[in-house]
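[1] Sequence and predicted structure below; questions after.
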Amino acid sequence: MSDEADEVSDARAYYRKILPFYRKEAVSRAHLDFWRAMARRLRPRRILEIGSGLGRITAELSRVAPSVGIDVSIEMLSEAARGSRGLFVAADARRPAFRPVFDLILAPGDPFSHLTRLEDRRRALRAVARQLAPGGRFVLEGLYRRRHEVAYPRRRIRHDAGVLEIEETWLPVGAGDLWHARYRYVDRRRGGAPAILSAAFVARAWSPRTLRGEFSACGLRVLRVLGDFDGRPFREDAKRLIVLAVTATASGPEPD
């Protein structure tokens, strides 16, 4: 099996393993208000979500414009397609699945982080550029980690049957942007024993110092880099890294 097929297989296996817990976690990670406001402001004719998972964001944005979600997880795509708005397609982000017809392409939760080889990530960025309509926007919620941050505060997510607790630890791998991530889920359900699962994967984060060059080399021009969903500019101590980009040939400023 090739390295390319290995990465797809690893991502599928990881999400298949955590799916019972991810169903509950995904609710708190969707940040629907941000993506909804982005779509309403840009008024796209068609929207593509990369790494759509269980489809919450694609379904919500389909109220704004026809929306397509792609993912490599067959299990999550099947759930997303059941009784949901939007169209869901099994596709590898490293290859263009469509013609350049999308005015807005978004990648919440950084599905590119599972592409640990730089060339694979560049292929995915080039695929984005080839699917953007003229004047279209690409918005990436990129994985951002600081070297001194290892353990993160425990999260508690309430759901109908109890509380899901999530512990996460990120350990740097070497001197680059690779990280070993380990998650521990404890689902404390009322009237029963807790369900416990540990899962791990290797991810590639984005470096603020090199991302503009990476985008440029793949036919994309970075317009703005945000530090959180409230629109604040990115700084080194930011909680998040959100990139707004257009094709390299596009002209004009980012609309207010």
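    Good, I have the coordinates.

[2] Please tell me I have it right and Ser113 contacts Leu143.
    Yes - applying C-beta atoms under 8 Å as the test, Ser113 and Leu143 come out as touching, 4.1 Å apart. Where C-beta positions appear, they are placed from N, C-alpha and C, glycine not excepted.

[3] hey, what's in contact with both of these two?
    Overlap between the neighbourhoods of Ser113 and Leu143 consists of Ala203, Arg204, Ala205, taking contacts as C-beta atoms under 8 Å, 6 or more residues apart in numbering.

[4] quick one: which of the residues you listed is most hemmed in?
    Looking at the shared contacts of Ser113 and Leu143 with neighbours defined as other C-beta atoms under 10 Å, the largest count falls to Arg204 at 21 neighbours.

[5] so who does that one touch?
    Contacts of Arg204 (C-beta under 8 Å, 6+ apart): Phe112, Ser113, Leu115, Thr116, Leu118, Arg121, Leu143, Asp177, Leu178, Trp179.

[6] The same query, at a cut-off of 10 Å, please.
    Taking C-beta atoms under 10 Å, 6 or more residues apart in numbering as the contact definition, Arg204 lies against 110, 112-118, 120-121, 143, 173, 176-179.

[7] So what sits opposite it in the bridge?
    Arg204 has the following beta-bridge partners by DSSP bridges: Leu178.

[8] now stretch 137-146, how far from the chain's geometric center?
    Centre-to-centre, stretch 137-146 and its host chain are 8 Å apart (C-alpha atoms, centre = their mean, to the nearest Å).

[9] typo on my end, it should be stretch 179-198
    Its chain's C-alpha centre lies 22 Å from the corresponding centre of stretch 179-198 when counted by C-alpha atoms, centre = their mean.

[10] residues in contact with that stretch?
    Residues outside stretch 179-198 that contact it (C-beta under 10 Å, 6+ apart) are 14, 17-18, 20-22, 24-25, 113, 116, 143, 145, 147, 150-151, 154, 156-157, 159-173, 199-205.

[11] Wasn't Thr116 part of a strand?
    No - the assignment for Thr116, made by DSSP: H, G, I helix; E, B strand; the rest coil, is coil rather than a strand.
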